[in-house]
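Peer 1: Prediction below, plus the sequence it came from.
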Amino acid sequence: MTGAVFTAEAVVAGYVPGLPIVQGASVAVAAGEIVTIIGPNGAGKSTFLKALAGLVPTTSGRVSLAGRDVTGLPAPELVRAGLGFVPQTGNVFTTLTIHENLVVGAHTVGGDLGPRLAAAYAMFPALAAKRGQRARVLSGGQRQMLAIARALMTRPAVLMLDEPTAGLSPKAVNEVFDDLRRLAASGVAILLVEQNAKAALRLSDRGLVLVEGRNRFEGRAADLLADPAVGEAFLGHRKAATPGGA
Ligand SMILES: Nc1ncnc2c1ncn2[C@@H]1O[C@H](COP(=O)(O)OP(=O)(O)OP(=O)(O)O)[C@@H](O)[C@H]1O
Ligand SMILES: [Mg+2]
């Protein structure tokens with residue numbers, strides 16, 4: 001895709017040598033765009049994001065970020081190159097304060113944290129109000145806000161999130177999605193993995209259906225939402241009733 005700030009092509013990755021989980025998956029995200037990966041349990045969505053974040057070994061494929069070939073770089077190098085990752089679990093330190101979580105979030109890149117902390121608190125006033133309290137006091141939705149704010153402390157060009165709405169109330173789900181919309185509007189490229197497939201596609205510009213570690217369907221999110229083959233298998237739509245049929 002031309003104009004993409006982040007491109008992964010034909011990535012093969014897995015935990016055990018000779019047993020690839022991601023088997024040639026590709027994705028591209030432009031600045032300000034939201035791209036969502038959906039697919040069945042065990043399809044390799046989380047493994048794909050972890051591989052892109054440098055946390056799972058990649059055996060082939062090519063990854064580029066902001067015009068630079070970053071294939072095979074270790075995780076801290078990828079963060080310095082502009083990649084942010086919010087994993088599904090363990091994404092905040094519950095025994096540290098909100099403020100400490102944000103400071104720790106920036107450790108890979110360092111630099112003047114003042115403006116970044118101010119930006120984080122401006123974006124998430126609920127966190128500002130509790131900045132001196134331990135993260136364990138936060139609600140599920142606020143924890144996800146903190147996880148996102150932490151990842152933003154390194155000023156990523158691309159933010160990847162693995163199921164940021166898992167286990168949240170409908171209200172908190174909407175808040176997280178609103179935050180992602182605002183982030184994209186500010187120019188960040190967003191790559192999302194979601195079980196909340198329909199709602200996530202409605203939020204997204206483009207989507208990818210990953211099955212058995214490969215791209216099965218991809219395209220504009222609106223087209224995927226309207227595609228009966230995608231709907232029946234991956235969005236829980238019923239088959240259209242045949243005329244006169246039972
Ligand atoms: N740490 C690990 N070590 C070995 N195999 C793993 C590990 N994590 C996941 N797997 C395997 O990799 C495959 C893909 O898992 P992955 O978590 O990437 O799928 P997923 O699409 O994110 O699924 P879900 O929708 O349930 O989150 C599964 O067969 C899983 O058992
Ligand atoms: Mg997963």
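Peer 2: Here it is on my side, so go on. No experiment lies behind these values; they were computed from the predicted model shown. Ligands and ions are numbered 1, 2, ... in the order given.
Peer 1: How about Ile128: what's its closest non-neighbour residue?
Peer 2: You called it Ile, but residue 128 is Ala. Tyr121 (3.7 Å; Cβ to Cβ, 6 or more residues apart in numbering). The way it works is simple: take the backbone N, C-alpha and C, and place the C-beta from them, glycine included.
Peer 1: Around the one you found, how many other residues sit close by?
Peer 2: By other Cβ atoms under 10 Å, the residues close to Tyr121 number 18.
Peer 1: and if you look at Leu201?
Peer 2: 26.
Peer 1: same deal with the one 4 residues further on?
Peer 2: One way to gauge burial is a neighbour count; for Asp205, by other Cβ under 10 Å, it gives 17.
Peer 1: what's downstream of the helix or strand hosting Thr36, the next helix or strand?
Peer 2: When elements are assigned from DSSP states H and E, Thr36 belongs to strand 34-38. Using DSSP H and E, the next helix or strand after strand 34-38 towards the C-terminus is helix 45-52.
Peer 1: So which bits of stretch 120-133 are buried?
Peer 2: 120-121, 123-124, 127, 130 (16 or more other Cβ atoms under 10 Å).
Peer 1: which pair in those residues spans the largest distance?
Peer 2: Based on Cβ to Cβ, the longest span within the buried residues of stretch 120-133 runs between Met123 and Lys130 and measures 14.5 Å.
Peer 1: For ligand 2, see how far away Glu100 is.
Peer 2: 28 Å (Cβ to the ion, to the nearest Å).
Peer 1: where's the closest residue to that residue other than its chain neighbours relative to ligand 2, distance?
Peer 2: Distance criterion Cβ to Cβ, 6+ apart; nearest residue to Glu100, sequence neighbours excluded, is Phe93 at 7.3 Å. Separation of Phe93 from ligand 2 (Cβ to the ion): 22 Å.
Peer 1: now Val16
Peer 2: Val16 is 18 Å from ligand 2, by Cβ to the ion.
Peer 1: check contacts around the residue positioned nearest the centre of the chain.
Peer 2: Geometric centre of the chain, nearest residue: Leu161, 2.2 Å, by Cα atoms, centre = their mean. Listed by Cβ atoms under 8 Å, 6 or more residues apart in numbering, the contact partners of Leu161 are 85-86, 148, 180, 190-193.
Peer 1: For the helix ranked longest in the chain, list every residue counted as buried.
Peer 2: Selection of the longest helix in the chain by residue count, based on DSSP state H, yields helix 170-185. Buried positions in helix 170-185, judged by neighbour count with 16+ other Cβ under 10 Å: 172-173, 175-177, 179-180, 183-184.
Peer 1: Likewise for stretch 29-42?
Peer 2: 29-31, 33-39.
Peer 1: Go through those residues and say which is closest to ligand 1.
Peer 2: Gly39 (5.7 Å; Cβ to the nearest ligand atom).
Peer 1: Show the contacting residues for the closest one.
Peer 2: 45, 209-211, 216, 234.
Peer 1: secondary structure class for the closest residue to Ser169 other than its chain neighbours?
Peer 2: Setting aside the residues directly before and after it, Ser169 is nearest to Gly141 in space (Cβ to Cβ, 6+ apart), at 7.0 Å. Put simply, Gly141 is helix when judged by DSSP: H, G, I helix; E, B strand; the rest coil.
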